[in-house]
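[1] Take a look and give me a structure for this.
(chains A, B, C and D)
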There are 2 protein chains.
Amino acid sequence: MLQQRSKDTKETIRLNALRLFAKSGYSAVSMRDIANAVGIQPGAIYNHFPSKQDILVDLMMTHMVDLLAAANNAMDGVEGTRNRLVAFARFHISYQLDFPDHVFIAYMELRSLEETGRQDVYVKRDEYEAILREVLEQGVKEGTFKVANAAVQTRALLAMMTGITVWFREDGELNRDQVIDCYVQAVLQSVGIQE
Amino acid sequence: MLQQRSKDTKETIRLNALRLFAKSGYSAVSMRDIANAVGIQPGAIYNHFPSKQDILVDLMMTHMVDLLAAANNAMDGVEGTRNRLVAFARFHISYQLDFPDHVFIAYMELRSLEETGRQDVYVKRDEYEAILREVLEQGVKEGTFKVANAAVQTRALLAMMTGITVWFREDGELNRDQVIDCYVQAVLQSVGIQE
DNA sequence: GTCTATAGATAGATAGAC
DNA sequence: GTCTATCTATCTATAGAC
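    Modelled structure (predicted):
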């Protein structure tokens, strides 16, 4: 029971820290802000995390591991470079929209990470980029895609798709599926595929 | 003379604040950090800016005004939607590479702006987006471009091109012109134009 | 495991001498 | 216009009672 209650508190700290870091930035959020959001005293946070920095590392690494697992799962068994590109694009955009705070932090707070944690995150990020890059390279090799440089195009497409969270709102003019379709078309055309 | 020396100090404060904000984030940078970089005492900054927030507003608004003027200048007299799209893309990417800190701050520190300054920046940003959006809309109208939604594609392309500053290094594998060519090709293909 | 209380450092901003 | 000195508030983190 006590253990269960403890796990709940830790998870609540994680959720609130994530939301606050995403909204205001790591440096702008104090342990008091997090404690107030959770409904405990600032000192109590240190029963669950040894430091503020450790909360950030925990959030970012958990996100990267989850993201990689989900991506590999989404790509599993998908055949053909065009299909694989579409699968990746749909997965990536959907994931951004489902977990905008995680994504925003992983992208924005790299500079707030101290050296050790940062290297771990970089490794995971490179692993994630490699999934898309290999699809593009395969497409170029087959002659299916027309791409000048697969590594550059990988970063270009990831930036394009990740940027969706900056402006998209569920109650906006276009719904989620319509927006995803726009982006998928842009991605496909950008590698030289006409529908 | 004294006035001249004063102007220099103010400009040095601006330059150092810009660099530090871009590197560590607005909240993570203290007035002491800026003063140390400039080589003056913290209190002396207040002879030039009434508050830390005012430095940020100054930097962001100056950037947006300069960006808009430069963009309008670059587009001036360019005829034809394809040419105008290429002109905008080349201008935008070159500007990002020339002023990466300005661009990064304008994008990242919107959340650090208090309400009044933020509205002013939003107006300028919308004005900038409109330049590209109008090119895309014109191309769709003519049948030159194949774009599902010009507003969505505008944001997608801006995010794609802006992301270049995250990874590009002048001493990297590809030089500036090669990278710009990659991006311009991706932009053109993304609107359905094959070279 | 959470509380109260607080240590020790640092934040933005101001006052007054020069 | 810059300096030294400092105010007040807040920061991360810790100590010890319960």
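
[2] and the longest helix anywhere in chain A, what does it pack onto?
    Across chain A, the longest stretch assigned as helix under DSSP state H is helix A:115-142. Secondary-structure packing of helix A:115-142 (3 or more CB pairs under 8 Å, 6 or more residues apart in numbering or on different chains; DSSP states H and E): helix A:52-75, helix A:81-98, helix A:150-162. Yep, even glycine has a C-beta here, placed from its N, CA and C like the rest.

[3] need the ones you listed in JSON lines with mean pLDDT, distance to A:Glu137 and mean neighbour count, can you?
    As requested, the helices and strands packed on helix A:115-142 are arranged in JSON lines below (pLDDT from 0 to 100; distance: least, CB to CB, whole Å; neighbours: other CB atoms under 10 Å in any protein chain shown):
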{"stretch": "helix A:52-75", "mean pLDDT": "98", "distance to A:Glu137": "15", "mean neighbour count": "17"}
{"stretch": "helix A:81-98", "mean pLDDT": "98", "distance to A:Glu137": "9", "mean neighbour count": "19"}
{"stretch": "helix A:150-162", "mean pLDDT": "98", "distance to A:Glu137": "5", "mean neighbour count": "23"}
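
[4] among the ones you listed, which is nearest DNA strand D?
    helix A:52-75 (3.8 Å; CB to the nearest atom of the strand).

[5] Turn the helices and strands packed on helix A:115-142 into JSON lines, columns for distance to B:Phe88.
    Output for the helices and strands packed on helix A:115-142, formatted as JSON lines (distance: least, CB to CB, whole Å):
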{"stretch": "helix A:52-75", "distance to B:Phe88": "33"}
{"stretch": "helix A:81-98", "distance to B:Phe88": "24"}
{"stretch": "helix A:150-162", "distance to B:Phe88": "16"}
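
[6] Would you convert the ones you listed into a markdown table that also reports distance to DNA strand D?
    Output for the helices and strands packed on helix A:115-142, formatted as a markdown table (distance: least, CB to the nearest atom of the strand, whole Å):
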| stretch | distance to DNA strand D |
| --- | --- |
| helix A:52-75 | 4 |
| helix A:81-98 | 27 |
| helix A:150-162 | 27 |
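
[7] Would you mind giving the domain segments of chain A?
    A:1-49, A:52-190 (automatic domain parsing).

[8] does any bit of the first one sit next to DNA strand D?
    I take that to be domain A:1-49. Yes. Judged by CB under 7 Å from any atom of the strand, domain A:1-49 comes into contact with DNA strand D at A:29-33, A:42-43, A:46.

[9] distance of A:Phe168 from B:Ala156?
    11 Å (CB to CB, to the nearest Å).

[10] Flag every buried residue along the worst-scoring helix or strand of chain A on mean pLDDT.
    Counting by mean pLDDT, DSSP states H and E, chain A has its least confident helix or strand at helix A:2-24, which shows a mean of 87. Within helix A:2-24, the residues that qualify as buried are A:9-10, A:12-14, A:16-18, A:20-22, counting by 16 or more other CB atoms under 10 Å in any protein chain shown.

[11] What of stretch A:36-45?
    A:37-38, A:40, A:45.

[12] now stretch A:126-137
    Quick answer for stretch A:126-137 (16+ other CB under 10 Å): A:128, A:131-137.

[13] Chain B: which of these is nearest?
    If you rank the buried residues of stretch A:126-137 by distance to chain B using CB to the nearest CB, A:Leu136 comes first, at 11.0 Å.
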